[in-house]
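sequence plus predicted model, see below.
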Amino acid sequence: MASTIFRTFQVQPFLLYPTSLLKRRNGVLFFTTTQKNQNPQRQTKKVSASATATSTQSKKLDKIPKNYEPIIGIETHVQLSTLTKAFCSCPYNYGSYPNTTICPICMGLPGALPVLNSKVIDFAVKLGLALNCKLAFNSKFDRKQYFYPDLPKGYQISQFDVPIASGGYLDVDIPVEFGGGHKRFGITRVHMEEDAGKLLHTENGNYSQVDLNRAGVPLLEIVSEPDMRNGIEASEYAAELQRLVRYLGVSNGNMQEGSLRCDVNVSVRPIGQSKFGTKVEVKNLNSFASMGRAIDFEISRQVQLHSQGQEDQIVQETRLWDEGTQASTIITITMRKKEGLADYRYFPEPDLPAVIISQEYVDDIQSSLPELPEIKRRRYEKMGLSMQDVLFLANDKNIADYFDATIAKGADAKLVANWIMSDIAAFMKNEKLTINEIKLVPEELSELIASIKGGTISSKIGKEILFEILAKGGTVKGLIEEKDLVQIVDPLEIEKIVDKVIADNPKQLEQYRGGKTKLQGYFAGQLGRDNATLLTWFITSADLFIMVV
Amino acid sequence: MLSTLQTPRSLSRFSLLLPSAATTTSSHFSSSSLPHASVSDQSSTVPPQSQILSIRHSLLSRQVTAVDLAQSYLTRLRLTEPQLHSFLHVPDDSAVLAEARELDRRIDGGEEIGPLAGVFVAVKDNICTADMPSTGGSRILQGYRPPFDATAVKRVKELGGIVVGKTNLDEFGMGSTTEGSAFQVTSNPWDVSRVPGGSSGGSAAAVSARQCVVSLGSDTGGSVRQPASFCGVVGLKPTYGRVSRFGLMAYASSLDAIGCFGSSVADAGILLHAIAGHDKFDATSSKQDVPNFLSHFVSESSLGSKPLKGLRVGLIHETIDDGVDSGVISAIREAALHFEELGCSVNEVSLPSFSLGLPAYYILASSESSSNLSRYDGIRYGNQVFADELDSLYGNSRAQGFGSEVKMRILMGTYALSAGYYDAYYKRAQQVRTIIRNSFKEALNQNDILISPAAPSAAYKIGEKKNDPLAMYAGDIMTVNVNLAGLPALVLPCGFVDGGPAGLPVGLQMIGAAFDEGELLRVGHVFEQTLKKFRFVPPIVADSTA
């Protein structure tokens, strides 16, 4: 009965029950006020275009004087991809029309109560295990209290003193181009909480609108130890976290949609000083690249103040990263100063029972975990793949699955990696497809590699077949038969043809022997043109060279 | 099962419902201005019978139509309401009569009718109803209409109950007199110059004055039991979690319980049975089975001489001590004697932690309320005061929307939860709560039920404690411990003290083990049926039916 009411309510919430609202305009809640901090202090720093657009890691690191140590910690909010919100049965779809996926519960109407979606616990335990955390078998929810128009109840249901998971770590392989190496970053805690709605501010600032679609969507907040030392480490940590939540299937990890949001705490201290410097929080980081840039900017801002003896101007505050419309200008803006510690008056949420999990439940989840990126990377490494190959394959779970499915059919790992990373990757890039969308299935790639290795077709024909299947589908065997592409493997036959080409081109042969090695290609062409139906590029330039010499 | 209660007597009692039956009641009260006098006339008193069962019988046997029944209640409601002000909202007669007509049509057609069919149910205004305003007695929600029915209301309606209106209360349940309503002051039907108690004063007064058959209230620290005592009706506060809180505007979530008022123990039990049980919309609602509470009831005529033989009754020593009205103490001691006559062993038990309940309650309830009332911010619903700036919008909306008692509790709760004070107040109060819970558990191991007064005094004058909040808070001493322990308690009228035109009723509180409402109701029913000295029908009923 009640659910029927809610469903109706969700469809046209404000038309049905207009008295429950004061004002309504296009289904958007209104309140009238002007925003504080209309003219936030802007601190602008001009940076050369080359530094922002194409700067390399080494350049950035060079900017940090050697006598200061930056300390970086990251708080990440991951929006869980549960079918319904954390405490009610509303769905959440990014980009929905404002206030269309809301109900009395996520609107915080009088008398509405939260009921926990058990999937949230499943996902939290999954991520906690994947982050090597210790789980709290008896945890609880707490209320974090503050007033803001996007927070319908005046408190956020969160976890305070007993997070579901704590004391873990995350292993990261830094890409070769950024110096490589393996790093382990500590995880302080993982806790469950609900998201708030969104405020939409009008151009003239006369009023703001509240969209509660996102209110009550489940989040996991992951707090890292202050273990990162530069923008690259921080963005690699975040990228690995994104990989992890995607591997686990707990979130789409999409930064642009706000499914993965990172708030970075940056402080700087002189080398040798044990006390941390004043930390500054930087928000509004919507890509890993902007995260790295924002951190490096903030470090240099703080180092500059330190080196000018103005470290007292580094205050505990939240700054917004704003790359602006001009690429030459990158800035952070003061969003709010934190005067003392905010008092959220946490207390245990009386509307929800304690969260009690059993060892058996945890064991079940543990055994259902997929192979995680770090373990996958180590496995690929053992196959003899280069770190570049390893990272390319393991970074995307779908690509890793494709790779694994292909080698499971017996194909050589290195060859499979080469095919995926070169021609297949290029095709996907051009066609803007993911690996799950291409028509070449792992079985066929394996078959293709086997056909080349077994000598049925040459690499050149293999490539043609590859692109044919990528574009139109089909099987390797089918295409070889259809196009009569089986190459001549009889050495005597080949020798005859080669002899003929050499005999027909004495002048070129003379030049070749004289050192004009580019003519390899010419010979290859002759071989192919004259015997179009029979001969393939089985005979490589090197073979020709040997034969000729 | 229920039909075992269907004694011929209940039919004769049913006549009280109708205006034409005025002679029955007025003759009863005309013998003396004080009901005490009726002690001399024991043979003529009839124990209270289930109105719900009477109505059902009369409707099914077509002795009366649902429309006639509705008319009689509406008439009395209209007649008494100008003196009492029990209701904040009463729907149009036409809406109620339409429901009654539909019920008559179904009965005539031989269709099944629900166990509450034709029963007039009043609902406290902090319980959400989709078709009526629900204000919680607060200016900040004036005119607010929820888009859903509270689970308890939904279940009442599904079983055929007719919601006759929304009753007055202290704003958001915070108060013990119903003077804390933003809209009106409700009078006690026994003496209109006195308070009906609170916070469910409207629901208690409405049942007492027979403006409805039964009513829903809410009990966070005694808000069902104390007004039941003041108004001379039966009030039942179920075990925490027995009834879904979904749709009850939260005051203190860990203490809040929706409770029942009736003019007999049976009615309170029938109403509880209707609304109890797990609700997927309330994570704190219990999955415990809901037994048929009335299945162990024995009709008065078939009771033996010692119907409660072997029952161990503990009289809580601390509740008949200093600070309690002597008339109340003697009424409770009389009740204890009555229990002994029924075969019980009555012993005084001491709960040393009893006096700690009041401060612990006021810290915990205020803390939770400071959080629960944060949602009334003027942004999404309720009254918004326009402002140029966000903080002022919040401040002005809340300053103008809340009354002084609510503001005081928000301030106290905010203080108690603040960094640096949390351990000294909130955490300490939680520790006290654990001690209280354990001491009740122990006392209930030694005794089957515990008894005490429901309030330290009978109803006092309107305005008497309005400016003395501490005196008002002290009045909750009898009831708050039960909420802290999460236990069920039944209050039923057991005697009178002098005051008003016809004396003032005194309520006996019976506290039972968690989820053992069935035993409380069984014992309460025997007590009620055998207590023949008193009639608990206020003079206003006689006046209105005259």
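Everything's here; your move.

going along the chain, name the strands of the stretch 401-546 of chain B.
B:449-453, B:489-497, B:504-511 (DSSP state E, counting those that start in this stretch).

with mean pLDDT added, can I get the ones you listed in TSV?
Below are these laid out as TSV (pLDDT from 0 to 100):
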stretch	mean pLDDT
strand B:449-453	98
strand B:489-497	97
strand B:504-511	98
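
residue ranges of the helices in the stretch 1-150 of chain B, please?
B:8-14, B:22-30, B:51-60, B:66-84, B:93-108 (DSSP state H, counting those that start in this stretch).

ok, residue A:526 - contacts?
Going by Cβ atoms under 8 Å, 6 or more residues apart in numbering or on different chains, residue A:526 touches A:501, A:504, A:505. All C-beta atoms are positioned from the backbone trio N, CA, C, and that covers glycine.

so what's the residue of chain A found nearest chain B up against?
Relative to chain B, the nearest point of chain A is residue A:154 (2.4 Å; Cβ to the nearest Cβ). Applying Cβ under 8 Å, 6+ apart, we find residue A:154 in contact with A:108, A:145, A:146, A:147, B:371, B:373, B:374, B:375, B:377.

which of these fall in strands?
If you go by DSSP state E, those have residue A:145 in strands.

now the buried members of the contacts of residue A:154.
Neighbour counting with 16 or more other Cβ atoms under 10 Å in any protein chain shown marks A:108, A:145, A:147, B:371, B:373, B:374, B:375, B:377 as buried within those.

hmm, residue B:393 and the third one touching each other?
No. Using Cβ atoms under 8 Å, residue A:147 makes no contact with residue B:393, being 9.9 Å away.

quick one, phi/psi of residue A:186?
Main-chain torsions, residue A:186, degrees, to the nearest 10: phi -70, psi 150.

how about residue A:351?
Main-chain dihedrals, residue A:351, degrees, to the nearest 10: phi -80, psi -10.

and the pLDDT for it?
What the model reports as pLDDT for residue A:351 is 98.

where does chain A dip in pLDDT?
A:1-65, A:324-332, A:335-341, A:484-494, A:520, A:524, A:527-549 (pLDDT under 70).

ok so, going back, most neighbours of all the contacts of residue A:526, which one?
Neighbours here mean other Cβ atoms under 10 Å in any protein chain shown. Within the contacts of residue A:526, the largest count is held by residue A:501, at 24 neighbours.

find the residue at the geometric middle of chain A.
By Cα atoms, centre = their mean, chain A has its centre lying nearest to residue A:242, at 4.3 Å.

got the contact list for the closest residue in space to residue A:166 that isn't next to it in sequence?
Closest residue in space to residue A:166, ignoring its immediate chain neighbours: residue A:189 at 4.3 Å, by Cβ to Cβ, 6 or more residues apart in numbering or on different chains. By Cβ under 8 Å, 6+ apart, the contact set of residue A:189 is A:133, A:163, A:165, A:166, A:167, A:221, A:222, A:223.

likewise for residue A:235?
By Cβ under 8 Å, 6+ apart, the neighbours of residue A:235 are A:288, A:289, A:291, A:292, A:295.

let me have those residues in CSV, extended by distance to chain B and secondary structure.
Listed next are those as CSV, based on distance: Cβ to the nearest Cβ, whole Å; DSSP: H, G, I helix; E, B strand; the rest coil:
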residue, distance to chain B, secondary structure
A:288, 34, helix
A:289, 34, helix
A:291, 30, helix
A:292, 34, helix
A:295, 30, helix
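
what subset of the residues you listed is buried?
Buried subset of the contacts of residue A:235 (neighbour count, 16+ other Cβ under 10 Å): A:288, A:291, A:292, A:295.

the last one and residue A:370, how far apart?
So that's residue A:295. Relative to residue A:370, residue A:295 is positioned 31 Å away (Cβ to Cβ, to the nearest Å).

chain A contacts on the stretch 201-350 of chain B?
Within the stretch 201-350 of chain B, the positions lying close to chain A (Cβ under 8 Å from any Cβ of the partner chain) are B:245-250, B:252-254, B:280-284.

and the residue nearest to residue A:166, that one's in a strand?
Yes. Secondary structure of residue A:189, determined by DSSP: H, G, I helix; E, B strand; the rest coil: located in a strand.

residue closest to the middle of chain B?
Short answer for chain B (Cα atoms, centre = their mean): residue B:224, at 3.2 Å.

what about residue A:313, how many residues nearby?
If we define neighbours as other Cβ under 10 Å, then residue A:313 has 12 of them.

show me the contacts for it.
Taking Cβ under 8 Å, 6+ apart as the contact definition, residue A:313 lies against residue A:305.

mind redoing it with 10 Å?
By Cβ atoms under 10 Å, 6 or more residues apart in numbering or on different chains, the residues touching residue A:313 are A:278, A:301, A:302, A:305, A:306.

name the SS class of the second one, please.
Three states are possible here, and by three-state DSSP the one that applies to residue A:301 is helix.

and it, how far is that from residue A:263?
Distance from residue A:301 to residue A:263, by Cβ to Cβ: 17 Å.

next one: the last one
Residue A:306 sits 23 Å away from residue A:263, going by Cβ to Cβ.

is residue B:414 in contact with residue B:367, as I believe?
Yes. With contact defined as Cβ atoms under 10 Å, residue B:414 reaches residue B:367; the gap is 8.2 Å.

neighbour-wise, which of the two wins?
It is residue B:367, of residue B:414 and residue B:367, that has more neighbours when counted by other Cβ under 10 Å, with 28 against 19.

I figured residue B:120 hits residue B:87, correct?
No. Look at residue B:120 against residue B:87 with Cβ under 10 Å: they stay out of range, at 11.8 Å.
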